[in-house]
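# Attaching a predicted model along with its sequence, questions to come.
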Amino acid sequence: MKELTLQIKPVGNHCNLRCSYCYAMPFKSQKFEILDLKFLEKLIKEAFEITNNVIVSWHGGEPTMAGLDYFEKYISIVKKYKKDNQHIVNMIQTNATLITDEIAKIINY
Ligand code: SF4
């Protein structure tokens, strides 16, 4: 069965670093917002309705700025909708400065 890849930017282009060469241009003036969990739940639910193989690519900016609590809620959502015969792979593009063991475990789920 075909896989579905979702690229999720939970904090948009925000980043705790502001590299001068960054194509995402994480300017300070942008309002900091985190992707709504209800919208995230809708994405995950619908993804598992159409395929058994979901890939989630966490992207930014710096996606770990969403925080551990956000990723824990994400895993709860995955567990709610993923059936035993379904699979999910998480990938992340990160500068690694905010990675904790807990976040690493969730990304490795
Ligand atoms: S760490 Fe990455 S996302 Fe953040 S400012 Fe630098 S290049 Fe951009």
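In hand now; what should we look at? Residues are numbered from 1 along each chain as shown.
# can I assume T97 is in contact with N16?
Yes - at 6.2 Å, T97 counts as touching N16 under the criterion of C-beta atoms under 8 Å. Every residue, glycine included, has its C-beta placed from N, CA and C.
# who touches both of those two?
Common neighbours of T97 and N16 (criterion: C-beta atoms under 8 Å, 6 or more residues apart in numbering): E62.
# So which residue is dead centre in this protein?
Central residue of the chain (C-alpha atoms, centre = their mean): W58, 3.8 Å from the mean position.
# and that one, what are its bridge partners?
Beta-bridge partners for W58, by DSSP bridges, are I8, I92.
# Against the ligand, how distant is it?
12 Å (C-beta to the nearest ligand atom, to the nearest Å).
# Outside of the helix or strand V78 falls within itself, list whatever touches it.
Assigned by DSSP states H and E, V78 belongs to helix 68-81. The contact list for helix 68-81, computed with C-beta under 8 Å, 6+ apart, reads 10, 34, 37, 40-41, 44-45, 48, 88, 100, 102-103, 106-107, 109.
# swap the cut-off to 6 Å and go again
Contact with helix 68-81 is made by 37, 41, 44-45, 48, 88, 102-103, 106, 109, as judged by C-beta atoms under 6 Å, 6 or more residues apart in numbering.
# now N16, nearest residue through space, not along the chain?
Spatially, and ignoring its direct neighbours in sequence, N16 is nearest to E62 (5.5 Å; C-beta to C-beta, 6 or more residues apart in numbering).
# give me every residue that touches that neighbour.
E62 touches 15-16, 95, counting by C-beta under 6 Å, 6+ apart.
# Try it again at 7 Å.
Counting by C-beta atoms under 7 Å, 6 or more residues apart in numbering, E62 touches 11, 14-16, 94-95, 98.
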